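Asker: sequence first, then the predicted structure:
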Amino acid sequence: MSKLKKIYCAVSFAFAALMICAALLLSHPGIVRAASTETASGRDAEDIGSLNVTSTPGEGEKSTSDNNNGLHIIYNNDEGSVSADIKIFLVITIIALAPSILIMLTSYTRIIIVLHFLRSAIGTQTSPPNQVLIGLALFLTIFIMQPVFTQVNENAIKPLDAGEITQEEAFEAGMEPIREFMFGQTQRKDINMFCEIAQISYDPGADLDQIKADIPNSVLIPSFIISELRTAFIIGFLIYIPFIVIDMVVASVLMSMGMMMLPPTTISLPFKILLFILADGWDLVIKNLVQTFY
């Protein structure tokens, strides 16, 4: 049996080596198939004397460029319109960075944290499910950020597509509405903390526009995220208070009745859901949450 295995391994190795050699020979640029040349050689030899072909300058260059395969990026020294290849490249880059941009530079962080606090306060572990909460937070983010996205489209994307501005100018024009939104939601102490860490100084008594110009994105973005986390936790604490009161009342009633082995959450959960429904909790939470951005 071992002898057969050795023979099988040797034959397999020889076959693999033969296939590799054949692939290398076929891929060599100097190899030309004789059959294809012979079929056209007679006809070409007859026609080569009778035909008088004239070529214009640049025709050979055009045919060479047409036969080239691969990605070609042409951008006319930052003065022409964006080519299709660059548009595809930009779209792919934006799609790759979209989750980070959506989470870090918009209202998504505050909304999703508040919704998770709400679900935990009610006591329903998987209802609403994560997909529903994420979808709700996403559409609320689009609703809140729609004016900002409109300004980005009008000031940056459309002029860049028309070739009126360069990519650097488009980036600055697109970041300006987003920076305005982040400055409105960021607390000054968070900006001061990151400025101190990065050793960046600005005049606190200066005009607001001057302060915005002095604060770079590397300081503004983490400051905005910390402020969003702080605000979301404060809202979550306020949401927890009425549901904790219900838990305390139910626990006291069960203790007075001697039902110490019965978990209070089992009894309090229907009452918390009932309170949330009677108070029209979804409208109250979503309305006040959205109004915190205005």
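Answerer: Received, thanks.
Asker: quick one: low-confidence ranges for the stretch 51-200 of the chain?
Answerer: Within the stretch 51-200 of the chain, the stretches with pLDDT under 70 are 51-83.
Asker: if you set the cut-off to 90 instead, what comes out?
Answerer: 51-106, 121-130, 152-176, 179, 183-192, 195-200 (pLDDT under 90).
Asker: in the chain, spot the helix with the most residues.
Answerer: helix 217-256 (DSSP state H).
Asker: gap between Ala84 and Val91?
Answerer: The gap separating Ala84 from Val91 is 11 Å, by C-beta to C-beta, to the nearest Å. C-beta here means a position set from N, CA and C on the backbone, and glycine is covered the same way.
Asker: sorry, back to before: helices or strands up against the longest helix of the chain?
Answerer: If you count contacts as 3 or more C-beta pairs under 8 Å, 6 or more residues apart in numbering; DSSP states H and E, helix 217-256 packs onto helix 84-105, helix 108-122, helix 167-185, helix 188-198, helix 264-278.
Asker: what's the first one packed up against?
Answerer: Meaning helix 84-105. Contacts defined by 3+ C-beta pairs under 8 Å, 6+ apart place helix 84-105 against helix 217-256.
Asker: same check, this time on the second one
Answerer: Judged by 3+ C-beta pairs under 8 Å, 6+ apart, the packing partners of helix 108-122 are helix 130-152, helix 217-256, helix 264-278, helix 281-291.
Asker: can you give me the buried ones in it?
Answerer: 108-115, 117-119, 121-122 (16 or more other C-beta atoms under 10 Å).
Asker: what lies in contact with it?
Answerer: 102-103, 125, 127-128, 133-134, 136-138, 140-141, 225, 228-229, 231-233, 235-236, 239-240, 243-244, 269, 272-273, 276, 281, 285, 289, 292 (C-beta atoms under 8 Å, 6 or more residues apart in numbering).
Asker: just the buried residues of these.
Answerer: Among these, those classed as buried by 16+ other C-beta under 10 Å are 102, 133, 136-137, 140-141, 225, 228, 231-232, 235-236, 239-240, 243, 269, 272, 276, 281, 285, 289, 292.
Asker: might one say that Leu140 is in contact with Thr106?
Answerer: No: counting by C-beta atoms under 8 Å, Leu140 does not reach Thr106; the two are 10.1 Å apart.
Asker: can you list residues touching both of the two?
Answerer: With C-beta under 8 Å, 6+ apart, Leu140 and Thr106 have no common neighbours.
Asker: from Pro159, how far off is the residue nearest to the spatial centre of the chain?
Answerer: The residue lying closest to the centre of the chain (C-alpha atoms, centre = their mean) is Ala98, at 1.5 Å. To Pro159, Ala98 is 22 Å away according to C-beta to C-beta.
Asker: what does Gly184 give?
Answerer: 25 Å.
Asker: now Thr265: closest residue in space, sequence neighbours ignored.
Answerer: Excluding the flanking residues, the one nearest Thr265 by C-beta to C-beta, 6 or more residues apart in numbering is Gly123, at 5.8 Å.
Asker: so what's the one you found up against?
Answerer: Counting by C-beta under 8 Å, 6+ apart, Gly123 has contacts Phe243, Thr265, Ser268, Leu269, Lys272.
Asker: quickly name whichever of those is closest to Thr166.
Answerer: Thr166 has its nearest neighbour among the contacts of Gly123 in Phe243, at 53.9 Å by C-beta to C-beta.
Asker: residues in contact with Val203?
Answerer: No, residue 203 isn't Val; it's Asp. Asp203 sits next to Gln210, Ile211, Asp214 when contact means C-beta under 8 Å, 6+ apart.
Asker: of the residues you listed, buried ones?
Answerer: Buried members of those, scored by 16+ other C-beta under 10 Å, are Ile211.
Asker: in helices, which of the contacts of Asp203 appear?
Answerer: Using DSSP H, the members of those that fall in helices are Gln210, Ile211, Asp214.
Asker: now those residues in a markdown table, with pLDDT?
Answerer: Output for the ones in helices among the contacts of Asp203, formatted as a markdown table (pLDDT from 0 to 100):
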| residue | pLDDT |
| --- | --- |
| Gln210 | 79 |
| Ile211 | 78 |
| Asp214 | 81 |
